[in-house]
Structure formats: structure tokens, C-alpha cells
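> got a predicted structure plus its sequence, pasted below:
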Amino acid sequence: MKKSIIIATGCAAVVASCGTYEAPKPYGPVPTAQQLEWQKMEMNMFCHFGPNTFTSAEWGSGQESVNEFNPSDLDCRQWTSIAKAAGMKGIIITAKHHDGFCLWPNPASRHTVAQSAWMDGKGDVLKELSQACSESGIKFGVYISPWDRNDPAYGTDKYNDVYCRTLESALGNYGPVFEHWFDGACGEGPNGKIQKYDWPLFHKTVRALQPDAIMFSDIGPGCRWVGNEKGYAGETCWSTLDTAGFTPGKGAPVKDTLACGNVHGEAWLPAEADVSIRPGWFYKDSENDKVKSLEELLGIYYSSVGRNGLLLLNVPPDKTGRIHDIDSLRLMEFREALDQIFGNDLSSGAKAGASETRGCRFSASNILDDDYDSYWSTADNVTSASLTVKLEGPKTFNRIMLQEYIPLGQRIAGFNIEVLRSDGSWEQIAEGTTIGYKRIIMTDKVTTSAIRINIEKSYACPTLNGFGLYLDEIS
């Protein structure tokens, strides 16, 4: 819903600066158009599905019979329907996990659905899911583990070519792929096979087949792992990372660095926070009573999307090939709660002014509209400033949303938030470091008629393009 905005005409800084000013120059690395659209997705669904679904293993040995995989009622349209109703924008399927079993008839392998008894060897999960995604408007993504505990070439120079042919088969026949998920796992233990992955070749292969796909790994090159499987980004979370000298897997940066990024990192690599709705990644009957609670999911949302990350929530299909009712119902509760919390922006109708403004084109009122590309900024030499938002009377809230205009880079490194007290004084209620694409600040419940955002530290003139106030009475 478009907000009703009243521009603060009494701010001398705005009135005095209504000349023609150019937009700020980008600061540091900036997102590609594809990375920006990926970040705007905010929440996607992960679907771990394969032989492990039927054996209750997390990591298969690769020696399982191809006939272990035998969903009785595969329904990918049910997956996409649930994903869409839950507000997910994309689905990533484990097309090949570490066991090497391929959910499509991969000509580079003899360990696939084509060799199984399921659907007389004519089944193709990637075909079913890609078609369901296309029909529903959900974006389609794939996970293809480089580790292969079945292929006899693994551990030799030949395997990298085998893996590239696997990529060609999966990425070249099922339409657009929005994200390709690389796992850095390598080898089977101290005495197992170790493969020296040819990452430049793998990246080149993906780019040739799916030039718009975001490539995930510990160090990208499209987005980075957040460093844990709890779904939490760091309280400080830069979308930039230094990658020189690092590799996916054992050669990755330490987990704290992955969670927080590098303040002056050389590459734009936003964080993706992956977590499962269940204790495990693959479906198990024994975990039907262990699906995460609504409160847990909301906490994960605030700690991922609310900290400049993207949430990738794993919802594993069961042995029938459908998402279990328990998981589906919890997702619908989650969606209903998010709509209840964020469906009513209490800053609607507010006025906004700033202590410093680059010009009318970049006025403080821009943080209150629904145009992503309109934003507030200051002159180039001004790196600290305050914005004041005057509300339509007293409002009660406990969630504050801020957005930085990341097409120009991430630059804000310190801020605090104050509210106007009844005696006319200002009281600080929150402080933070990074903002990035989206920051949701959690506070105690507070009632006020005005809020002041103080940008205390920024590595270039600060930008903000979004602001909102919300009341969460659920979590």
C-alpha cells in the first residue's frame, strides 16, 4: 500500500539546498543487477530430497541402491503452491547430494533416476519442479554437490570433467536457474578420496549456461554462506568480503568472518542464511514433532532478513514426494504472523526532515515512499547526519526497519535511534552498526510521536531509502 507522505517543509537544510545535485558516486563494491534482485527476494525455500529421504541418513554413502529413491506421490506443484503461500520467491532443490544420486537422467552418471525402478526409469524431478516453478512464478534453483561418493572418477583428474558435464546437463535443459548452490564438501574422511576441484572451470561452466544465476559458496562468487546452519547473520553484517587466498570448504574464511563480512571487502558477496525447519536436512518421520516453532522462525527471520541477509529455509519433502502437513501448516502460521506484524506500517502519513540533505531530489521524505530507487543522502563531505520522522500522533511499536540504498554500495557503519519523550527530551532506544539492504531493529515496546535516526559513522555520504515502524505482539 502506498504511504500517504507529507514532506517536511519547515526544514531549513532542505529548503536551502534545492539546487541540482548529482547522485552520490558508488562507494566500494556494488551489487550487480542480478545480486540486487536476488537480495530483494528475501526468503527462499530449500528442498533436500533424494535417497536420504528414504534411508533417514544425512550423508549417504553413495552405495545405496538406486531403487531406494521411490516417492509414491511426487507433487512438485504442491511444493511451489506452499512456497508461494508462505511468501517464498524461489526453490532450490538438492539435484545431487554427496551420495552422487541424480534426481534427473544425467548422462554423465550411472547413478540416477534413469537407472531406478521409480516411474520405470522415466522420472525426472528437475523437469517436474522446473515446470511447476514456471507455472507458479516461483524461481527455480539447483544444488549440485561437487563431492560424489559414488562416481568412480572422483579423486582423479577426470572427475572435474565429469562434474562439468553434470552441470551442463542440469543447467542446460530446464530453463532459467536463479541460483546455483555449490557445496565445498570434499573427500570421505582421513583415508578417503580427496578431489582437487577446478573452481574456475566450474564457475565458467555455470556462467556459460546460466549467465544470470547467482552462484553460492563460502566465497561466492554471487553470494556467500553465512557461516552457520542456524539461519543467523552477524549483528554487524557487511555484504562485502575478501576472497583472495580462500577457497570453498576447508579453505574458507573463519565462520565469524562469514557471518559479519569484511568492512572494506574487495567483492560484493551478500550473506545467505541457510537453516532447516527440522533438526535434520532430509525428512525423517522421527522429527515430525520437532518442527521449529513459530517463535523460532520469527527469531530466524529477524536474524537473517533483518540483518542484511537472505533466508534460505529448508523444507524437506517426505517419502511420498510431498511436503508434510506439519511443515506446511507451520509455514502458513509463519506467513500469517509476518503479514500481521509487517502489514501495518505505523509510520504511514509521517513527515520527515534531515539535518543535512544533498538537495530536494535526495530529501528525507524519500525514506517514506515505496519507490526503491528514491533515497535520502547528504553532500559528499558529510558523513554524519540526523533524520527526524514526525508521526501522525503517538504510535506504539517495537520493530524499526531501515534500508540503505545498496546500488551505491554499503557505507553506514554506526547509528543510533532516539524517540521523543513527553517532556520534549530525546531518549536513545537502540543502536547498531551496519544497515545494508534491510535492518530490522528490535526494541522494547515504546510509544512516541517522533523518532530520530542518527547516522554516527559512514565511510561515504550516507544513503537511506526505506523506513518503517511495526508492532510485533507475537514473538
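That came through, no problem.
> got the contact list for the longest helix anywhere in the chain?
Ranked by residue count, the top helix of the chain under DSSP state H comes out as helix 325-342. Helix 325-342 has contacts (C-beta atoms under 8 Å, 6 or more residues apart in numbering) with 82, 85-87, 277-278, 288, 291-294, 297-298, 301, 315-316, 399, 468, 470-472, 474-475. Heads up, the C-betas are built off the backbone N, CA and C, glycines and all.
> the nearest residue to residue 184 once chain neighbours are set aside: how many residues sit nearby?
What sits nearest to residue 184 in space, not counting adjacent residues and going by C-beta to C-beta, 6 or more residues apart in numbering, is residue 249, at 2.8 Å. Residues lying near residue 249 (other C-beta atoms under 10 Å) number 18.
> per-residue pLDDT, residue 249?
What the model reports as pLDDT for residue 249 is 94.
> got a list of what it touches?
With C-beta under 8 Å, 6+ apart, residue 249 has these contacts: 183-186, 218.
> coming back round to it: filter the contacts of helix 325-342 to the buried ones?
With burial judged by 16 or more other C-beta atoms under 10 Å, the buried subset of the contacts of helix 325-342 is 82, 86, 277-278, 291-292, 297-298, 301, 315-316, 399, 468, 470-472, 475.
> all helices of the stretch 151-300 of the chain, in order?
Here the stretch 151-300 of the chain has its helices, by DSSP state H, counting those that start in this stretch, at 159-171, 199-209, 255-260, 294-304.
> just the CA trace of the last one, in CSV.
Put plainly, it is helix 294-304. Extracted C-alpha coordinates of helix 294-304, given in CSV (Å, rounded to 0.1, in the frame of the first residue of the first chain):
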residue,chain,number,x,y,z
LEU,A,294,6.6,-20.0,15.1
GLU,A,295,8.6,-18.1,17.6
GLU,A,296,11.8,-19.8,16.4
LEU,A,297,11.0,-19.0,12.8
LEU,A,298,10.3,-15.4,13.6
GLY,A,299,13.6,-15.2,15.5
ILE,A,300,15.4,-16.6,12.5
TYR,A,301,13.7,-14.1,10.2
TYR,A,302,14.8,-11.2,12.3
SER,A,303,18.4,-12.6,12.5
SER,A,304,18.7,-13.2,8.7
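> quick one: it to helix 325-342, angle?
Orientation note: helix 294-304 sits at an angle of 60 degrees relative to helix 325-342 (axes from the mean of the first three to the mean of the last three C-alpha atoms, to 10 degrees).
> care to break the protein down by domain?
For the chain, the domain assignment from automatic domain parsing gives the residue ranges 6-17+346-470, 42-342.
> and the contacts of whichever strand or helix holds residue 77?
Here residue 77, judged by DSSP states H and E, is contained in helix 76-85. Contact with helix 76-85 is made by 45, 47, 90-91, 125, 128-129, 131-133, 135-138, 315, 317, 322-323, 328, 331-332, 335, as judged by C-beta under 8 Å, 6+ apart.
> now for residue 435: which residues touch it?
Listed by C-beta under 8 Å, 6+ apart, the contact set of residue 435 reads 308, 402-404, 410, 412, 415, 464.
> with pLDDT, secondary structure and distance to residue 222 added, can I get those residues in TSV?
Putting those into TSV (pLDDT from 0 to 100; DSSP: H, G, I helix; E, B strand; the rest coil; distance: C-beta to C-beta, whole Å) gives the following:
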residue	pLDDT	secondary structure	distance to residue 222
308	98	coil	16
402	99	strand	25
403	98	strand	21
404	98	coil	20
410	98	coil	16
412	99	strand	23
415	99	strand	28
464	98	strand	26
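> pick the one among these closest to residue 380.
residue 412 (15.1 Å; C-beta to C-beta).
> these two touch, right, the closest one and residue 434?
Yes. Using C-beta atoms under 8 Å, residue 412 makes contact with residue 434 at a distance of 6.7 Å.
> quick one: residue 103 and residue 70, what's the gap?
13 Å (C-beta to C-beta, to the nearest Å).
> can you tell me the centre-most residue of this structure?
By C-alpha atoms, centre = their mean, the mean C-alpha position of the chain lies nearest to residue 310, the distance being 1.5 Å.
> where's that one, which helix or strand?
strand 309-314.
> per-residue pLDDT, residue 187?
82.
> distance of it from residue 96?
Taken as C-beta to C-beta, the span from residue 187 to residue 96 is 17 Å.
> of those two, who's got more company?
The neighbour count for residue 187 versus residue 96, taken as other C-beta under 10 Å, is higher for residue 96 (29 against 16).
> ok, that one - contacts?
Per C-beta under 8 Å, 6+ apart, neighbours of residue 96: 50, 102-103, 106, 143-145, 148, 166, 170.
> thinking again about what came up before, and the strand holding residue 310, what does it pack onto?
If contacts are counted by 3 or more C-beta pairs under 8 Å, 6 or more residues apart in numbering; DSSP states H and E, strand 309-314 sits against helix 33-41, strand 43-47, strand 271-276, helix 294-304.
> can you tell me the average pLDDT over it?
For strand 309-314, mean pLDDT is 99.
> okay, angle between that strand and helix 76-85 too, please.
150 degrees.
> using PDB, write down the CA coordinates of strand 309-314.
Output of strand 309-314 as PDB, limited to C-alpha atoms (Å, rounded to 0.1, in the frame of the first residue of the first chain):
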ATOM      1  CA  GLY A 309      20.900 -11.400   4.800                       C
ATOM      2  CA  LEU A 310      18.700 -13.700   2.700                       C
ATOM      3  CA  LEU A 311      16.900 -16.500   4.400                       C
ATOM      4  CA  LEU A 312      17.000 -20.000   2.800                       C
ATOM      5  CA  LEU A 313      14.700 -22.100   4.800                       C
ATOM      6  CA  ASN A 314      14.900 -25.900   4.200                       C
END
